[in-house]
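>>> Sequence below, structure please.
(chains A and B)
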There are 2 protein chains.
Amino acid sequence: MPTTGYAPGAFDMFHIGHLNILQRASQECDHLVAGVVTDDVLLSVKGRKPVIPFEERLEIVRNIRCVAEAVTDQYEDKFRMWERLRFDVLFKGSDWRGTARAEALERKLSAVGARIRYFSYTTHTSSTLLRQRISLPSPGVLGELEPGPT
Amino acid sequence: MPTTGYAPGAFDMFHIGHLNILQRASQECDHLVAGVVTDDVLLSVKGRKPVIPFEERLEIVRNIRCVAEAVTDQYEDKFRMWERLRFDVLFKGSDWRGTARAEALERKLSAVGARIRYFSYTTHTSSTLLRQRISLPSPGVLGELEPGPT
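All right, here's what the predicted structure looks like:
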């Protein structure tokens, strides 16, 4: 049976860390679906809006070679996406492993025959680092983006 | 005869404007080669270093679906890249059209049977706009990138 993998993320300011995760994920499944979370989900989960609008983030991820399909992810609870996609494996960052939410999701997925594969971040470019480099506050809510001091 | 197209650029902080140009270029040739200019060429031409290191810019462009091949472009003079790639058509932004350098290059390419196809920028996200949004100075030379005021 071909396996379907699901890799959700914000994919804001698409960088090498995103690409590496998608490539590693695609090597562990036959059909990689990338999920691009909406601005609302990102705001709710991370407490900030993205720099790049949703439609542009989706379009870029859709055009990455190893991505078979890109979809909108409007849920904090990834089991809702399982109900829609029926994926075999969910790819998540290892920083999430061991949290109460991760363990609850593992149980729900296990009950339907799916699992979570955790990836450690090995790249030296991350969204957080990029936000630091480009003088964006990493935590906290960003309002409308306007030119700052130069 | 299949046509080879060449689309050079910095592709710094890969965004929807880059993707649109590559997609339009790929529709006008059979084999699209994307050229990623080195940090040195960018510094020389634009007076600034990229935010994203060369190797990461190259790797991302290489993984865009419509790009058949991605190469290093270390020349300001794109005829040097013609000598290497023997492309049929060079894709450039229409802002460059009509300049003395563009006309000189058109003549040199015409003499070898190649041509320039100018694209107008129709997207609302550009590198310049992105740099403004994220508080980076657009012109001028950036030194080492350090976290700025938040």
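>>> And stretch A:70-85, how far out from the chain middle?
11 Å (CA atoms, centre = their mean, to the nearest Å).
>>> list the buried ones in it?
Within stretch A:70-85, the residues that count as buried by 16 or more other CB atoms under 10 Å in any protein chain shown are A:A70, A:V71, A:D73, A:Y75, A:K78, A:F79, A:M81, A:W82, A:L85. For glycine as for every other residue, the C-beta is placed from the backbone atoms N, C-alpha and C.
>>> Could I get the full set of helices for chain A?
Using DSSP state H, the helices of chain A run over residues A:16-27, A:39-46, A:54-62, A:78-85, A:100-111, A:127-133.
>>> show me what contacts A:D95?
By CB atoms under 8 Å, 6 or more residues apart in numbering or on different chains, the contact set of A:D95 is A:Y121.
>>> ok, it to B:D30 distance?
With distances taken as CB to CB, to the nearest Å, A:D95 is found 44 Å from B:D30.
>>> cool, and A:D12?
Distance from A:D12 to B:D30, counting by CB to CB: 34 Å.
>>> Compare the two (neighbour count), which wins?
With neighbours defined as other CB atoms under 10 Å in any protein chain shown, A:D12 and B:D30 compare such that A:D12 has more, 24 against 12.
>>> confidence score at the more buried one?
Note on A:D12: pLDDT of 94.
>>> Among the helices of chain A, which comes closest to B:E55?
Each of the helices of chain A was scored for nearness to B:E55 using CB to CB, and the closest is helix A:16-27 (8.3 Å).
>>> quick one: is that closest one near chain B?
Yes. Interface with chain B: helix A:16-27 contributes A:I16, A:L19, A:Q23 (CB under 8 Å from any CB of the partner chain).
>>> pretty sure the second one contacts B:R57?
No. Taking contacts as CB atoms under 8 Å, A:L19 lies outside contact range of B:R57: 11.1 Å.
>>> one step back: output the buried residues of stretch A:70-85 as CSV; include the columns distance to chain B.
Formatted as CSV, the buried residues of stretch A:70-85 follow (distance: CB to the nearest CB, whole Å):
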residue, distance to chain B
A:A70, 11
A:V71, 16
A:D73, 19
A:Y75, 24
A:K78, 25
A:F79, 30
A:M81, 23
A:W82, 26
A:L85, 21
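>>> Mind picking the two most distant members of those residues?
Within these, A:A70 and A:F79 form the most distant pair, 19.9 Å apart (CB to CB).
>>> For the residue lying closest to A:D88 once chain neighbours are set aside, the count of nearby residues, please.
Counting by CB to CB, 6 or more residues apart in numbering or on different chains, A:T3 is the residue found nearest to A:D88 once chain neighbours are left out, at 4.3 Å. Neighbourhood size, A:T3 [other CB under 10 Å]: 13.
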